[in-house]
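>>> make a model of this:
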Amino acid sequence: LLGFVDKDPSKAGNLISGHPVLGDRYHGDPRGVYGVCAIMENQIRQKVIRDEIIGNGLQLASLIHPTTVYAQDFVHGDGLIIYPGTKISCNVNIGKGCIVNYNCVLGHDLRVGDFTYFGPTATIAGCCQLGNLCTIGAGANLLQGISVGDRTTVGIGTTVVKNVAEDKQIIDIPRTFVTE
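Here you go, the predicted model:
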(Lines give C-alpha, C1' and ligand atoms only; values in the text may rest on other atoms or scores of the structure.)
Protein backbone atom coordinates (compact mmCIF):
# COMPACT_ATOMS: atom_id res chain seq x y z
CA LEU A 1 0.00 0.00 0.00
CA LEU A 2 1.58 3.27 -1.14
CA GLY A 3 -0.87 5.45 0.72
CA PHE A 4 -4.18 7.28 0.57
CA VAL A 5 -5.37 10.17 -1.58
CA ASP A 6 -7.57 12.94 -0.19
CA LYS A 7 -8.70 16.22 -1.77
CA ASP A 8 -8.41 17.99 1.60
CA PRO A 9 -4.94 19.60 1.54
CA SER A 10 -4.76 19.70 5.35
CA LYS A 11 -4.58 15.88 5.42
CA ALA A 12 -1.49 15.59 3.20
CA GLY A 13 1.35 13.97 5.13
CA ASN A 14 -0.91 12.58 7.86
CA LEU A 15 -0.90 8.85 8.53
CA ILE A 16 -3.87 6.47 8.33
CA SER A 17 -3.10 3.08 9.88
CA GLY A 18 0.57 3.84 9.37
CA HIS A 19 0.25 4.81 5.71
CA PRO A 20 0.68 8.37 4.43
CA VAL A 21 -1.95 10.61 2.87
CA LEU A 22 -0.22 11.42 -0.44
CA GLY A 23 -2.17 14.60 -1.15
CA ASP A 24 -4.84 15.25 -3.75
CA ARG A 25 -3.55 12.53 -6.14
CA TYR A 26 -0.77 10.03 -6.72
CA HIS A 27 2.08 11.96 -8.35
CA GLY A 28 4.38 9.04 -9.22
CA ASP A 29 4.70 6.85 -12.28
CA PRO A 30 1.28 5.15 -12.69
CA ARG A 31 2.67 2.02 -14.41
CA GLY A 32 1.96 -0.99 -12.24
CA VAL A 33 0.09 1.07 -9.65
CA TYR A 34 -3.46 0.15 -8.71
CA GLY A 35 -6.18 2.27 -7.12
CA VAL A 36 -9.31 1.27 -5.25
CA CYS A 37 -12.31 3.26 -4.04
CA ALA A 38 -14.52 2.07 -1.17
CA ILE A 39 -16.88 5.07 -0.92
CA MET A 40 -20.39 3.78 -0.27
CA GLU A 41 -22.24 6.46 -2.29
CA ASN A 42 -22.51 4.97 -5.79
CA GLN A 43 -22.31 8.14 -7.90
CA ILE A 44 -19.33 9.49 -5.94
CA ARG A 45 -17.55 6.11 -6.22
CA GLN A 46 -18.20 6.09 -9.97
CA LYS A 47 -16.75 9.60 -10.33
CA VAL A 48 -13.66 8.85 -8.22
CA ILE A 49 -12.94 5.67 -10.18
CA ARG A 50 -13.44 7.42 -13.52
CA ASP A 51 -11.68 10.71 -12.76
CA GLU A 52 -9.15 9.97 -10.02
CA ILE A 53 -8.08 6.37 -10.63
CA ILE A 54 -8.51 5.57 -14.32
CA GLY A 55 -8.27 9.26 -15.28
CA ASN A 56 -4.80 9.44 -13.71
CA GLY A 57 -3.56 6.34 -15.51
CA LEU A 58 -3.83 3.94 -12.58
CA GLN A 59 -5.22 0.44 -12.91
CA LEU A 60 -8.37 -0.44 -11.00
CA ALA A 61 -7.91 -3.11 -8.30
CA SER A 62 -10.48 -5.58 -6.99
CA LEU A 63 -10.31 -6.64 -3.34
CA ILE A 64 -12.01 -9.93 -2.42
CA HIS A 65 -11.67 -11.02 1.20
CA PRO A 66 -10.22 -14.54 1.56
CA THR A 67 -13.25 -15.75 3.57
CA THR A 68 -15.49 -15.12 0.54
CA VAL A 69 -16.93 -18.37 -0.80
CA TYR A 70 -17.69 -18.25 -4.52
CA ALA A 71 -18.35 -20.62 -7.42
CA GLN A 72 -15.63 -21.21 -9.99
CA ASP A 73 -17.67 -19.50 -12.72
CA PHE A 74 -18.08 -16.22 -10.77
CA VAL A 75 -17.29 -13.23 -13.03
CA HIS A 76 -16.78 -9.60 -11.97
CA GLY A 77 -15.67 -6.26 -13.31
CA ASP A 78 -12.64 -4.34 -12.07
CA GLY A 79 -12.91 -2.40 -8.84
CA LEU A 80 -15.07 -4.92 -6.99
CA ILE A 81 -14.73 -4.91 -3.19
CA ILE A 82 -16.08 -7.86 -1.20
CA TYR A 83 -16.02 -7.79 2.60
CA PRO A 84 -15.66 -10.91 4.83
CA GLY A 85 -18.25 -13.66 5.05
CA THR A 86 -19.93 -13.27 1.66
CA LYS A 87 -21.20 -16.32 -0.24
CA ILE A 88 -21.66 -16.24 -4.02
CA SER A 89 -23.43 -19.00 -5.92
CA CYS A 90 -22.88 -20.19 -9.50
CA ASN A 91 -23.29 -18.16 -12.69
CA VAL A 92 -23.03 -14.78 -10.96
CA ASN A 93 -21.79 -11.71 -12.83
CA ILE A 94 -21.11 -8.47 -10.92
CA GLY A 95 -20.22 -5.25 -12.76
CA LYS A 96 -17.42 -2.74 -12.29
CA GLY A 97 -16.92 -0.74 -9.09
CA CYS A 98 -19.41 -2.63 -6.92
CA ILE A 99 -19.19 -3.11 -3.16
CA VAL A 100 -20.51 -6.22 -1.41
CA ASN A 101 -20.48 -5.63 2.34
CA TYR A 102 -20.19 -8.15 5.20
CA ASN A 103 -21.99 -11.53 5.11
CA CYS A 104 -24.05 -11.09 1.95
CA VAL A 105 -25.57 -14.08 0.11
CA LEU A 106 -25.78 -13.77 -3.68
CA GLY A 107 -27.87 -16.45 -5.38
CA HIS A 108 -27.34 -18.29 -8.64
CA ASP A 109 -27.77 -16.71 -12.09
CA LEU A 110 -27.49 -13.18 -10.70
CA ARG A 111 -26.61 -10.19 -12.90
CA VAL A 112 -25.50 -6.94 -11.25
CA GLY A 113 -24.75 -3.70 -13.12
CA ASP A 114 -21.87 -1.32 -12.44
CA PHE A 115 -21.37 0.71 -9.23
CA THR A 116 -24.00 -1.10 -7.16
CA TYR A 117 -23.72 -1.35 -3.36
CA PHE A 118 -24.89 -4.23 -1.12
CA GLY A 119 -25.25 -3.47 2.59
CA PRO A 120 -24.29 -6.05 5.24
CA THR A 121 -26.28 -9.31 5.25
CA ALA A 122 -28.24 -8.52 2.07
CA THR A 123 -29.64 -11.72 0.58
CA ILE A 124 -30.36 -11.95 -3.14
CA ALA A 125 -32.14 -15.12 -4.32
CA GLY A 126 -31.41 -16.77 -7.65
CA CYS A 127 -32.15 -15.41 -11.12
CA CYS A 128 -32.28 -11.75 -10.04
CA GLN A 129 -31.08 -8.76 -12.08
CA LEU A 130 -29.92 -5.47 -10.61
CA GLY A 131 -29.19 -2.38 -12.67
CA ASN A 132 -26.38 0.14 -12.44
CA LEU A 133 -25.93 2.40 -9.40
CA CYS A 134 -28.36 0.48 -7.16
CA THR A 135 -28.20 0.47 -3.37
CA ILE A 136 -29.37 -2.64 -1.56
CA GLY A 137 -29.69 -1.85 2.15
CA ALA A 138 -28.41 -3.90 5.06
CA GLY A 139 -30.51 -7.00 5.64
CA ALA A 140 -32.59 -6.48 2.49
CA ASN A 141 -33.95 -9.57 0.71
CA LEU A 142 -34.82 -10.03 -2.95
CA LEU A 143 -36.97 -13.03 -3.76
CA GLN A 144 -36.27 -15.35 -6.70
CA GLY A 145 -36.33 -13.76 -10.16
CA ILE A 146 -36.66 -10.11 -9.08
CA SER A 147 -35.41 -7.30 -11.34
CA VAL A 148 -34.35 -3.94 -9.90
CA GLY A 149 -33.88 -0.97 -12.24
CA ASP A 150 -30.95 1.44 -12.46
CA ARG A 151 -30.41 3.92 -9.60
CA THR A 152 -32.95 2.22 -7.34
CA THR A 153 -32.56 2.04 -3.56
CA VAL A 154 -33.92 -0.88 -1.55
CA GLY A 155 -34.12 0.15 2.11
CA ILE A 156 -32.66 -1.56 5.15
CA GLY A 157 -34.50 -4.77 6.01
CA THR A 158 -36.85 -4.53 3.03
CA THR A 159 -38.08 -7.71 1.34
CA VAL A 160 -38.71 -7.20 -2.38
CA VAL A 161 -41.44 -9.47 -3.77
CA LYS A 162 -42.01 -7.89 -7.20
CA ASN A 163 -39.91 -6.11 -9.82
CA VAL A 164 -38.88 -2.51 -9.14
CA ALA A 165 -38.48 0.07 -11.95
CA GLU A 166 -35.49 2.40 -12.28
CA ASP A 167 -35.07 5.49 -10.12
CA LYS A 168 -37.25 4.19 -7.27
CA GLN A 169 -36.84 4.01 -3.50
CA ILE A 170 -38.52 1.09 -1.79
CA ILE A 171 -38.76 0.57 1.96
CA ASP A 172 -40.61 -1.89 4.16
CA ILE A 173 -40.67 -0.02 7.45
CA PRO A 174 -42.55 -0.03 9.74
CA ARG A 175 -43.40 -3.70 9.72
CA THR A 176 -47.04 -4.74 9.91
CA PHE A 177 -47.87 -7.05 12.82
CA VAL A 178 -50.40 -9.75 11.96
CA THR A 179 -50.76 -10.79 15.61
CA GLU A 180 -49.47 -9.22 18.79
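
>>> any idea how far the closest residue to Asn14 other than its chain neighbours lies from Asn56?
Leaving aside its sequence neighbours, Asn14 sits nearest to Val21 (CB to CB, 6 or more residues apart in numbering; 4.8 Å). C-beta: built from backbone N, CA, C; applies to glycine. Between Val21 and Asn56 the computed distance is 16 Å (CB to CB, to the nearest Å).

>>> if we can go back for a sec, got phi/psi on the residue nearest to Asn14?
Backbone torsions of Val21, given as degrees, to the nearest 10, read phi -80, psi 120.

>>> and it, what are its bridge partners?
Phe4 (DSSP bridges).

>>> from memory it sits against Gly3, does it?
Yes - Val21 is within contact range of Gly3, at 6.4 Å (criterion: CB atoms under 8 Å).

>>> the more surrounded of the two?
Val21 (18 against 15; other CB atoms under 10 Å).

>>> contacts only, for that one.
By CB atoms under 8 Å, 6 or more residues apart in numbering, Val21 lies in contact with Gly3, Phe4, Val5, Asp6, Lys11, Ala12, Gly13, Asn14, Leu15.

>>> how about low-confidence regions in this structure?
173-180 (pLDDT under 70).

>>> how near is Leu142 to Val148?
For Leu142, the distance to Val148 - CB to CB - is 7 Å.

>>> what sits in contact with each of these two?
Common neighbours of Leu142 and Val148, using CB under 8 Å, 6+ apart, are Cys128, Ile136, Val154, Val160.

>>> the first one and Gln169, how far apart?
Counting by CB to CB, the gap from Cys128 to Gln169 is 18 Å.

>>> neighbour count for those two, which is higher?
Legend: neighbour count by other CB under 10 Å for Cys128 and Gln169, higher for Cys128 (23 against 12).

>>> so who does the more buried one touch?
Contacts of Cys128 by CB under 8 Å, 6+ apart are Gly107, Asp109, Leu110, Arg111, Leu142, Gln144, Gly145, Ile146, Ser147, Val148.

>>> again, but for Thr135
Thr135 makes contacts with Asn42, Thr116, Tyr117, Gly119, Thr152, Thr153, Val154, as judged by CB under 8 Å, 6+ apart.

>>> I'd guessed the third one sits against Gly97; true?
No - counting by CB under 8 Å, Tyr117 stays clear of Gly97, with 9.6 Å between them.

>>> the more surrounded of these two?
Gly97 (29 against 22).

>>> tell me the secondary structure for that one?
Here Gly97 is recorded as coil under DSSP: H, G, I helix; E, B strand; the rest coil.

>>> that one touches Leu63, doesn't it?
No - using CB under 8 Å, Gly97 makes no contact with Leu63, being 11.9 Å away.
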